[in-house]
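> generate a structure from the sequence data that follows.
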Amino acid sequence: MSTFIEILKDHWQYRQQIFKLSISDLKKTYRGAALGWAWAIIKPAVTIFVYWFAFEIGLRAGKDVNGFPFFLWLIAGLIPWFYMNNMITSGTDSIRKYSYLVTKMKFPISTIPTFVSISKFIVHILLITITIGIFVLMGRMPTIYMLQLPFYMLLNLIFFTVFSLLSGLLASMSKDFANLVKSFVTAIFWLSGIVWNINTISIPWLKSFLMINPVTFLVEGYRNCFIHQTWFWEQPKRLMYFAVITLVMLILAVWTYKRLRKEIPDVLN
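Alright, predicted model coming up:
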């Protein structure tokens, strides 16, 4: 508990630096490119088009969901995944990427994944805003269920910030761990119901097992706001599983931080 309180104090004490570094990280991401910030929209747009074309035109598997076109259902799940994917990869590499903050400036290690997460989340907010605009342009006006969208976005931010703290600490000690995490990205994508409807699974135990996946929970949560029109309290077990997994991961992250924080600067030197 003392280590957790210390982490919170570091975040509060360095809150201004965290915000400034998040903006700096965001600028670095698109610096040097001719189109600059436009890539924050172009890259996701190309990915969405490829999956839409493959499923609806190529495989002819793109069916309407709850009366919504497959395209809208698809972007409602892919948009949160872009942030998740960035955090799985960039979050894991965050401490190594900003090793100079640890070795030369004695910056609190625990805050590094946080400002990286905020940087990626700013782009996520932009993409969510564009998504809402697309729904409106296609005649799907926001409903009262959209009020819970900030809740799911906050859960997304918290979960993957904690994840990046844990994975970033371990990856700073071993590059093999970073490579292991990245090797699972594709598997997580295809097993989480991002581009296929997990609600069509007819085997109850398998569907329940897949729903334990935090990525699935979050993706379905976003779709509850846009497509399914379901309140989060109507699925208490899913929320409970997600909360338990997040809490366990937080405990592991704090314990790992306590054990490794003194060794990491020497390893990164």
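> low-confidence ranges in the stretch 51-200 of the chain?
Filtered on pLDDT under 70, the stretch 51-200 of the chain yields the residue ranges 58-62.
> surely F151 is in contact with W231?
No: F151 lies out of contact with W231 (C-beta atoms under 8 Å); the separation is 10.0 Å. Heads up, the C-betas are built off the backbone N, CA and C, glycines and all.
> dump the residue contacts of the nearest residue to I7 once chain neighbours are set aside.
Leaving aside its sequence neighbours, I7 sits nearest to S110 (C-beta to C-beta, 6 or more residues apart in numbering; 4.6 Å). Applying C-beta atoms under 8 Å, 6 or more residues apart in numbering, we find S110 in contact with 7, 10-11, 165, 257, 261.
> gap between C225 and Q148?
6 Å (C-beta to C-beta, to the nearest Å).
> measure the residue nearest to the spatial centre of the chain to P150 for me?
Nearest to the geometric centre of the chain sits M84, at 2.4 Å (C-alpha atoms, centre = their mean). Distance, M84 to P150, by C-beta to C-beta: 17 Å.
> with A38 instead?
Taken as C-beta to C-beta, the span from A38 to P150 is 26 Å.
> do F53 as well
Plainly put, F53 is 32 Å away from P150 if you go by C-beta to C-beta.
> E234 too?
Per C-beta to C-beta, E234 is found 18 Å from P150.
> wait, the residue nearest to the centre of the chain touches V215, no?
Yes: here M84 reaches V215: they are 6.0 Å apart, a contact under C-beta under 8 Å.
> for the residue nearest to the centre of the chain, what is the enclosing helix or strand?
M84 is located in helix 70-86, with elements delineated by DSSP states H and E.
> right, and the helix or strand after that helix?
Once the chain leaves helix 70-86, the next helix or strand it forms, by DSSP H and E, is helix 92-97.
> so how far is that following helix from its chain's centroid?
Helix 92-97 sits 16 Å away from the centroid of its parent chain (C-alpha atoms, centre = their mean, to the nearest Å).
> run through who's touching the helix or strand L247 falls within.
Element membership of L247, judged by DSSP H and E, is helix 236-260. Helix 236-260 is contacted from outside by 3-4, 7, 109-110, 155, 158-159, 162-163, 165-166, 169-170, 172-173, 211-212, 214, 217-218, 220, 232-233, using C-beta under 8 Å, 6+ apart.
> next: stretch 142-160.
Applying C-beta under 8 Å, 6+ apart, the contact partners of stretch 142-160 are 80, 83-84, 87-88, 91, 117, 121, 124-125, 128, 132, 135-136, 214, 218, 221-222, 224-226, 229-232, 242, 246, 249.
> before we move on, back to that, who has more neighbours, C225 and Q148?
A side-by-side neighbour count of C225 and Q148, using other C-beta atoms under 10 Å, places C225 first with 25 against 17.
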